[in-house]
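Engineer: Any chance you could fold what I've pasted below:
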Amino acid sequence: MADPDHLSKLRQGVDAWNAWRKTEDVIPDLREAHLSEANLSKANLSNAYLSRANLSGANLNEANLEGTYLNNAYLSNAYLSEADLREADLREANLSCANLSVAKLRQANFSEANLSRANLSLAFLEGAYLNRANLRRANLRGATFGGADLWGAGLARRFPASVYLDRA
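Structural biologist: Got it, this is the predicted structure:
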């Protein structure tokens, strides 16, 4: 369960949340929080616990989610364009139809995650763990996968020519 004080602070708005994060040395606990449709654009959620949280349809545009724990989170239809998810734990998360375009996903763990129909165009997935992830019908145009672990990933079709599997 989410810490009620942390959840209350987040519901005060992104500006209040980010100011609080600058003054408090705390790891936010938002596990199992119901944040569907929330506007968390530009929120500092780095290193937060968001396991099993419902973020469906949430706006996380340009949010800082670096090192965040999102395993088993529900992010279907979430807007994560340009979000920083480097080294985030997204194991078994549902990201179906999520917009992750231009997101920083370097070394993020998407093991067994559902990324079906997700928009990963121009996303940076260098060193990401995508083993057994569902990438069927995902938009991968211009995405970079250098050093990514794609073992057992569900890819219904071959990568388009604009997907970069290795660094140039």
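
Engineer: packing partners for the lengthiest helix in the chain?
Structural biologist: Longest helix of the chain, by residue count under DSSP state H: helix 14-23. Under the contact criterion of 3 or more CB pairs under 8 Å, 6 or more residues apart in numbering; DSSP states H and E, helix 14-23 touches helix 4-10. Just so you know, the C-beta spots here come from the backbone N, C-alpha and C atoms, and that holds for glycine as well.

Engineer: With Ser36 as the reference, measure out to the most centrally placed residue in the chain.
Structural biologist: Nearest to the mean C-alpha position of the chain, counting by CA atoms, centre = their mean, stands Leu85 at 5.5 Å. Distance, Leu85 to Ser36, by CB to CB, to the nearest Å: 19 Å.

Engineer: for Asn114, same thing?
Structural biologist: 17 Å.

Engineer: Low-confidence stretches in the chain?
Structural biologist: Along the chain, the parts satisfying pLDDT under 70 run over 156-168.

Engineer: now do 50
Structural biologist: 161, 167-168 (pLDDT under 50).

Engineer: Which one's more surrounded, Asn114 and Ser36?
Structural biologist: More neighbours surround Asn114 than the other of Asn114 and Ser36, with 22 against 16 (other CB atoms under 10 Å).

Engineer: Touching, the more buried one and Cys97? I think so.
Structural biologist: No - using CB atoms under 8 Å, Asn114 is not in contact with Cys97; the gap is 9.7 Å.
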